[in-house]
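>>> Got a predicted model here, sequence first, then my questions.
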Amino acid sequence: MLEPTTGSGGSSHDISVLNGLIETTIDSVDGYRRSAQEATNSRFSSEFLNRASEREQVVSKLREEVRRLGGNPQDDGSVLAAAHRAFLSLKDKVTGSDDKAIIGEIDHGESYLANKWEAALKDGGLSPQTRSLVQQCYDSVREGRDTFRRLHEDMAGTASSPGMGGSSSY
């Protein structure tokens, strides 16, 4: 017998959606850690590490819910993200990396992540309890996306200004 796709009793659909969010959010954690290592501005490095920690807490909450629903939580990021990181590493070796480029990549990654979370929120098959958890965790994701979108736009607008790397009000 198939498990129900709505309600509170161990929904396989909820587990699948949550595991997809876990996978994508792990990619975000990895991206922030890598960005912290690459950044030249210590303020950026610190913010990236804070975001990585915040996203780890989101992953932990999602994993708890998957376990509560009777599932096995995802424990890896996506293959696509691993390939993307490998490409970025190669690109960095060829072209160099700077804080503006890192912020641009984070902005791109944050938009991708937010789209995944927004799709989950629109999923009519989620139980009310799972939808509530997804909404609660999405608030953190949305804030990260908005923060880095503004920073990326600010940095793009000041690209020709001398001392751009240290003049951000971030």
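Yep, it's here.

>>> and Ser8, what pLDDT?
Predicted confidence (pLDDT) for Ser8: 43.

>>> Go through stretch 100-117 and flag the buried ones.
100-107, 109-110, 112-114, 116-117 (16 or more other Cβ atoms under 10 Å). (Each C-beta comes from the backbone N, C-alpha and C, glycine too.)

>>> List the contacts of that stretch.
The set of residues external to stretch 100-117 that reach it, using Cβ atoms under 8 Å, 6 or more residues apart in numbering, is 20-21, 24-25, 27-28, 31-32, 35, 38-39, 44, 48, 88, 134, 137-138, 141-142, 144-145, 148-149, 151-152, 155-156, 159, 164-165.

>>> Filter those residues down to the ones in strands?
The subset of the contacts of stretch 100-117 located in strands under the criterion DSSP state E is empty.

>>> For the buried ones among those, write the corresponding ChimeraX selection.
Taking 16+ other Cβ under 10 Å as the burial criterion, the selection of buried members of the contacts of stretch 100-117 in ChimeraX is written as:
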select :20,21,24,25,27,28,31,32,35,38,39,44,48,88,134,137,138,141,144,145,148,149,151,152,155,164
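
>>> per-residue confidence averaged over stretch 124-134?
What stretch 124-134 shows for mean pLDDT is 95.

>>> Likewise for stretch 64-75?
If you average the pLDDT over stretch 64-75, you get 94.

>>> and it, how far apart are its ends?
End-to-end distance for stretch 64-75: 12 Å, by Cα to Cα, to the nearest Å.

>>> buried sites along it?
Of the residues in stretch 64-75, those buried under the neighbour-count criterion (16+ other Cβ under 10 Å) are 65-66, 69, 71, 73-74.
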